[in-house]
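Asks: What would the 3D arrangement of this be:
(chains A, B, C and D)
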Protein chains: 2
Amino acid sequence: MAREPQPQPDGMDLVHLLREVTVRLDLAGARFAARNGLHPTDLRALIALLDAARAGEELTAGRLGARLGLNSAGTTALVDRLERLGHLRRVRDTRDRRRVLLAVEPQAIALGQAFFGPPIARVRSLLDTFDAEERATVRRFLTGVRDAADGT
Amino acid sequence: MAREPQPQPDGMDLVHLLREVTVRLDLAGARFAARNGLHPTDLRALIALLDAARAGEELTAGRLGARLGLNSAGTTALVDRLERLGHLRRVRDTRDRRRVLLAVEPQAIALGQAFFGPPIARVRSLLDTFDAEERATVRRFLTGVRDAADGT
DNA sequence: AGCAAGTATCTTGCTCAGCGAGATAATGAG
DNA sequence: CTCATTATCTCGCTGAGCAAGATACTTGCT
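Replies: Numbering: from 1, shown residues only, chains lettered A, B, ... in the order given. All right, here's what the predicted structure looks like:
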């Protein structure tokens, strides 16, 4: 079923492999979301929230919506949904009382770990088979692809 | 804006980089879809159709739906949409007249090239800076990640 | 101070993607 | 030839997300 793209001088095999990786990770995300009563957007939102929390960044409703490509109405509905499910709480910013800060609940963190834990463990054990130089190569590739994605 | 994950002994920097890559490629896809009056699902469908065509595989309505995770009603609606937009035609299979084969129109191929062309060019020129051994490393990494994604 | 302009979020009313259930039509097994 | 199976489509519905506009707060200007 998994046709193996053969090495090609033009690198197209790697392009197709990369695309296949993103498609499968996407499907895995959709499956996990459905299994937990979430919509794909809800899962993306949780990921953005957990990322921000990890980076010590305060995320507002508006910033979250912008990050996901939603308009303000959609963002309100999304936050309503996640709040109703107990994944976050709305907290009025005391500095600027127009803003609504999003506080992640422990439950959401647990869900994030349930989602990311297993694949992270697998990728890590895959990375155990890479020495420092090989990891640097992978890092250079991923960084390049990340930056190449934005121009579209 | 793009915080650079620093190399870490446990490989978490690469895990986060990988996730960031998929998020950005996803957003790029959504932007392109919106710009062309398509829904994200429509674009995913076109990609699946073009992949199948490239592999010389006949894709039926049902198989396409399964590949995208849609039920039969959603699949019918999707095919209706793409047919109305002129990206494909329904062709009754003469061997098994229950089946509907999906024939991709040239227009859809052009759209696929418009979508994939620029990023492919960028990734290729990125790959020009990788020698054969480094490409093999990248290939091994991507293959491993692809296979790790399915278990979730 | 006080008012205008700007900004963050929410409300309303709507469209349409996708689901569940079931209909229809064709094939295949006994 | 009948019954079970498979492929697609139809119908009715839920709900995600949009556009437009309301509301509440902040900031800059005078």
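
Asks: Every contact and neighbour count from this point should use C-alpha atoms.
Replies: Will do.

Asks: Just the CA atoms from the helix or strand residue A:145 falls within would do, formatted as PDB, please.
Replies: Using DSSP states H and E, the element containing residue A:145 is helix A:132-149. Backbone C-alpha positions of helix A:132-149 (Å, rounded to 0.1, in the frame of the first residue of the first chain) are rendered in PDB as follows:
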ATOM      1  CA  ALA A 132      24.400  14.600  16.100                       C
ATOM      2  CA  GLU A 133      25.400  15.400  12.600                       C
ATOM      3  CA  GLU A 134      22.400  13.700  11.100                       C
ATOM      4  CA  ARG A 135      20.100  15.600  13.500                       C
ATOM      5  CA  ALA A 136      21.700  18.800  12.300                       C
ATOM      6  CA  THR A 137      20.900  17.800   8.700                       C
ATOM      7  CA  VAL A 138      17.300  17.100   9.600                       C
ATOM      8  CA  ARG A 139      17.100  20.400  11.500                       C
ATOM      9  CA  ARG A 140      18.400  22.300   8.600                       C
ATOM     10  CA  PHE A 141      15.900  20.600   6.300                       C
ATOM     11  CA  LEU A 142      12.900  21.300   8.500                       C
ATOM     12  CA  THR A 143      13.900  24.900   9.200                       C
ATOM     13  CA  GLY A 144      14.200  25.400   5.400                       C
ATOM     14  CA  VAL A 145      10.900  23.900   4.700                       C
ATOM     15  CA  ARG A 146       9.200  25.900   7.400                       C
ATOM     16  CA  ASP A 147      10.500  29.100   6.000                       C
ATOM     17  CA  ALA A 148       9.600  28.000   2.400                       C
ATOM     18  CA  ALA A 149       6.000  27.400   3.400                       C
END
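
Asks: Report the angle between it and helix B:132-149.
Replies: 80 degrees (axes from the mean of the first three to the mean of the last three Cα atoms, to 10 degrees).

Asks: Quick check, the residue in chain A closest to DNA strand C?
Replies: residue A:62 (2.9 Å; Cα to the nearest atom of the strand).

Asks: where does residue A:10 land in three-state SS?
Replies: For residue A:10, the assignment made with DSSP: H, G, I helix; E, B strand; the rest coil gives coil.

Asks: err, residue A:74, not the other one
Replies: helix.

Asks: again, but for the one 4 residues further on
Replies: Recorded secondary structure, residue A:78: helix (three-state DSSP).

Asks: okay, now the closest residue to it other than its chain neighbours: neighbour count?
Replies: Computed as Cα to Cα, 6 or more residues apart in numbering or on different chains, the closest residue to residue A:78 that is not its neighbour in sequence is residue A:42, at 7.0 Å. Residue A:42: 18 surrounding residues under other Cα atoms under 10 Å in any protein chain shown.

Asks: Could you tell me how far residue A:42 is located from DNA strand D?
Replies: 7 Å (Cα to the nearest atom of the strand, to the nearest Å).

Asks: Surely that residue and residue A:77 touch.
Replies: No. Using Cα atoms under 8 Å as the test, residue A:42 is too far from residue A:77 to be in contact (10.5 Å).

Asks: still on that earlier bit, dihedrals phi and psi, the residue nearest to residue A:78?
Replies: Residue A:42 adopts backbone torsions of phi -60, psi -40, taken as degrees, to the nearest 10.

Asks: which residues sit in contact with it?
Replies: A:33, A:78, A:82 (Cα atoms under 8 Å, 6 or more residues apart in numbering or on different chains).

Asks: Residue A:109 versus the residue of chain A closest to DNA strand C, what's the distance?
Replies: 21 Å (Cα to Cα, to the nearest Å).

Asks: before we move on, the earlier item: now for the helix holding residue A:145, which elements pack on it?
Replies: Counting contacts by 3 or more Cα pairs under 8 Å, 6 or more residues apart in numbering or on different chains; DSSP states H and E, helix A:132-149 packs against helix B:12-35, helix B:106-127, helix B:132-149.

Asks: The helix or strand of chain A at the bottom of the mean pLDDT ranking and chain B, any residue contact?
Replies: In chain A, no helix or strand scores lower on mean pLDDT, DSSP states H and E than helix A:12-35, which sits at a mean of 85. Yes. Using Cα under 8 Å from any Cα of the partner chain, helix A:12-35 comes into contact with chain B via A:12, A:14, A:15, A:17, A:18, A:20, A:21, A:22, A:24, A:25, A:28, A:32.
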